[in-house]
Each structure stands twice: as structure tokens, then as C-alpha cells.
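Chemist: My questions concern the predicted model and sequence given below.
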Amino acid sequence: MTDRPIKVLIAKPGLDGHDRGAKVLARGLRDEGFEVVYTGLRQTPEMVATAALQEDVDIVGLSILSGAHMTLVPRICQLLQAEGLSDVLVTAGGIIPDDDVPALKAAGVSAVFGPGTTIAQVADYFRANARPRD
Amino acid sequence: MSPPAGGGADELCATALAGDRRSLAKLLTAVENRTTLAEAALRRLYPLAGRAHLVGITGPPGAGKSTLVAALVGQLRTVGRTVAVVAVDPSSPITGGAILGDRVRMQAYAGDRDVFIRSMAARGHAGGLAATTGAACAVLDAVGFEIVLIETVGTGQSEVEVAAAADTTVVLEAPEMGDEVQAIKAGLLEVADLVVVNKGDRPGASRTASQLRAMLGGRRGQHGPPVLITTAATGAGVPELLTAIDHRRADGALSDDGAKRLARADAELRGALADRIGRRLDEPGLAAARETAVRAVAAHQLDPYTAADELLGSLLR
């Protein structure tokens, strides 16, 4: 059954309270046929990893606008790998300077989506790059 | 990437039973997607299930189901008991997509191995649950969780399926849910084993509870369900609710020959039978006969009942 919906976790790690973007993306992905687990604001890296594990998501999308991405994102990638979730696609979005992107990719992030990215671009990327499903 | 049906299932079951949460999550995905691995796993796990208390939490959208589930999880952890949650949210009838938002209120338990929370999309199934929710509960039961809380989609008046899936059905209402006539309408409130008026700190909570108590007397002089008041956001009334839930076990609601478990077994058996008949009808041997029957019924040369009898006849031969 490869036609089952792709399951995505949209998470907002850290302390910024700006969740409009994450909610718009969650809603947009719903309209694109994804099953979206939305966990709300102020997630610790451990909460994100636990949710990814228990929900068996195909993709983790992290939204960060606080500037703490260089601390939080590598930590989340580490925890996911420690849980054996290295086949889960990790992407990040929000306000992330171009200069930081190579380091994030080295930490395990597959793509970084900045301002101006359309829902369709994200959805197409997710469909093309999600792990093969059983 | 799908592992060979038999072997993969055995290995996943063994690791899940040994406590590996990733294997458990993978099993639940297989169950949701109705893979062949899932059926092999359920054959193995079903004999181990039946010990957990399955508790359905249902009620209209916004009544506080997720908040109450989170409060119950907190109370259960305070007393050292293990708990799993299956939280169902609706799927879009247009795109099949879904927002699974129940974890928002349940994030305090990251890293606690004795809490396992799983969201499920209803995937077009009406009735307040997903078609595979019962099987998912059986898996969580088999791996040893003492209580499985089943949170339904926000319900209207008639999504009563949870009553068949759970040992105990808790129906949530918010204060001022309506007048007494709402309380005597057929449907959701009829299947309640426990009724909870949540948001107990709002005006009208105790009046709503009294109205419900007055109107929910049982059939033919039996007692109606207990009506409790909780404020899930603060935890008020939650220990009392857990006590009432535990009383259900003492009252025999979980016994193998109790009406609820027999009804559930009957529903599971009928579901499996219908599923198998459906699959047999798609097999090459019967597909031609079915195609002929479909054309005859469409042309009104044959009525659907006679056609069904004939197909069933060839199925059984």
C-alpha cells in the first residue's frame, strides 16, 4: 500500500511564539493530502524526538524563528539518530541565514525552506524525498 | 522496503514485546495501513491482549477531551501505572489529509517510557474512530499497557462506535450543553458508562450535572451512569474520575464473558469475515462471476439479493 498518506510532524522547538507559519503549513499540507501531526509551541528536542518515534512519521518539519536553530536542530537530529530514526527526513523552515545552511545539512537536515517558499514547493519536496513506505 | 510478511512480523512483535517503542510504533503503522505484516502480527499478539482496561473518551469538539486525557495520564503516572493513548482526528473527505492535533495537550510525557501516545486519522471511517483503532488498541494491550485511553474525534450526537471498542465509555459534556431535552435524545449519552461535565469552573457546571443526573435514569428502573464534574485544565475531579473508571473493572466490565467484550468479539469477527469476503470477491476465481452479476443487476435482470446468494454460494463451494 504505497498510496497511504505520508505522515509529517510539524514541530516548533524552542521558545519563540510565532506559530502562524507552522499552522499555515500544517493546514496547507493537510490540503495536499498529508497526515500532519501538529504538536504546538515550545517543544524541547526530546518532545520532538518522542513524538517522531511514537507517531512513526516519515518527515519531521521544524519551524524556528528565534535564531536558536544552530543549537536546537543538530540536537534534534542527534536524538532522532539515537532512536534509530535515521530514515526520517528532517527539514527546517523559518528565519535561517543562508550561511548556517551547510552546517545544518551536515547535522542531518535535508532541506531548509526560507520565507517565500510556497506550500506546493514543500509538498512536492516531501513527496519526492520521503522514505519509501511499507 | 516491506520485510517478508511472516518473519518481519515475528521479529517486530518480539522486539515490541521486549519493550522497544520504535517496533511498537512500526507495528501500529502496519495496522493502520492494513498490511499483510499487520495481520500476521495480530495473529501473534491477540492471545496476549485482553488484560488492559480500554477506556473511550468521547464528546463534542472543544469539550476538553484531549485536556482530560492528558490529566488522566498525569494521574495514572502519579500512581505509577502505565498508559497508552490512541487519539483519533478526522481525515479530509476531499484530500484524505488530516491535522492530528491531540498531542498539543499531551507533551509533558516525553521520555517517559510508560506513556505511549499515538494519533490516528479516521481515514474516511465514520463513527468517531478509525477502522483500525480496535486493532491498534489490541497491540497496545498486548505489549502490556495497563490502560488504553481511546480519544474519539469530536462527536455529534450519534458517533457511538467507541462504546463497542471500549470496556468503559466516558462521555464528556461542557457546561450549558443544552436543555433537558438534549439530555434525553437518543445517541451518545445512551452509551455512556460514565458522564463527565468538564470545565467545572465555568458557570452552570453543577446545574448541567444535575440536569443530566435527573434525565439519565436507566431503562426500566436501572440506575443511570454516574455523572461527575471535572476541571481537566487544573486536574480537579480527575482522581475521582479515575476511581470511577477503576470501579468498572471491579464491577466486571472487563470479564471475558461480559456483554461488552462478547459484543466486541462479535464485531471483530464480523469485521474480519466481511473483510475476507470482500477480498475473495476480488480474486480472479470469483471476479468474473461478480462482473457478470454486477452487469445483470445494473440491467435489472437480476435483483441484488439473489445475486448475493449466488455469489455466496460459489464462495462457500
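Modeler: Happy to help now that I have it. Just so it is clear, the structure is predicted and the values come from calculations on it, not from any experiment.

Chemist: So residue B:31 versus chain A, what's the distance?
Modeler: Distance from residue B:31 to chain A, counting by C-beta to the nearest C-beta, to the nearest Å: 11 Å. For the C-beta atoms, the positions are set from N, CA and C on the backbone; glycine is no exception.

Chemist: Just to check, that residue is in contact with residue B:135?
Modeler: Yes - between residue B:31 and residue B:135 there is a contact under C-beta atoms under 8 Å: 4.8 Å.

Chemist: Low-confidence regions, chain A specifically.
Modeler: Applying pLDDT under 70 to chain A flags residues A:1-3, A:133-134.

Chemist: Specify the helix with the largest residue count in it.
Modeler: Counting residues, the longest helix found in chain A (DSSP state H) is helix A:69-82.

Chemist: Break down chain A into its strands, ranges please.
Modeler: With strands called from DSSP state E, chain A shows them at A:7-11, A:35-38, A:59-64, A:89-94, A:111-113.

Chemist: Packing partners of the second one?
Modeler: Same thing as strand A:35-38. Helices and strands touching strand A:35-38, as assessed by 3 or more C-beta pairs under 8 Å, 6 or more residues apart in numbering or on different chains; DSSP states H and E, comprise strand A:7-11, helix A:20-31, strand B:98-100.

Chemist: sorry, back to before: list the residues that contact both of residue B:31 and residue B:135?
Modeler: Common neighbours of residue B:31 and residue B:135, using C-beta atoms under 8 Å, 6 or more residues apart in numbering or on different chains, are B:38, B:42.

Chemist: Show me the shaky parts of chain B.
Modeler: For chain B, applying pLDDT under 70 flags the ranges B:1-7, B:158, B:177-186, B:218-220.

Chemist: any chance you could map the helices in the stretch 151-300 of chain B?
Modeler: Taking DSSP state H, counting those that start in this stretch, the helices of the stretch 151-300 of chain B run over residues B:162-165, B:180-184, B:205-215, B:238-250, B:259-282, B:284-298.

Chemist: so what does the first one touch, helix or strand wise?
Modeler: Judged by 3+ C-beta pairs under 8 Å, 6+ apart, helix B:162-165 is in contact with strand B:53-58, helix B:133-142, helix B:259-282.

Chemist: Tell me how far the second one lies from the chain's centre.
Modeler: Helix B:133-142 has its C-alpha centroid displaced from the chain centroid by 9 Å (C-alpha atoms, centre = their mean, to the nearest Å).

Chemist: burial of residue B:83, as a residue count?
Modeler: Close neighbours of residue B:83, defined as other C-beta atoms under 10 Å in any protein chain shown, add up to 26.

Chemist: got a list of what it touches?
Modeler: Neighbouring residues of residue B:83 by C-beta under 8 Å, 6+ apart: B:72, B:73, B:76, B:77, B:114, B:115, B:116, B:145, B:146, B:147, B:148, B:149.

Chemist: what about it, distance to chain A?
Modeler: With the distance defined as C-beta to the nearest C-beta, residue B:83 ends up 13 Å from chain A.

Chemist: do residue B:90 as well
Modeler: Counting by C-beta to the nearest C-beta, the gap between residue B:90 and chain A amounts to 10 Å.

Chemist: before we move on, what about residue B:112?
Modeler: Distance, residue B:112 to chain A, by C-beta to the nearest C-beta: 9 Å.

Chemist: cool, and residue B:282?
Modeler: Taking C-beta to the nearest C-beta as the measure, residue B:282 falls 14 Å from chain A.
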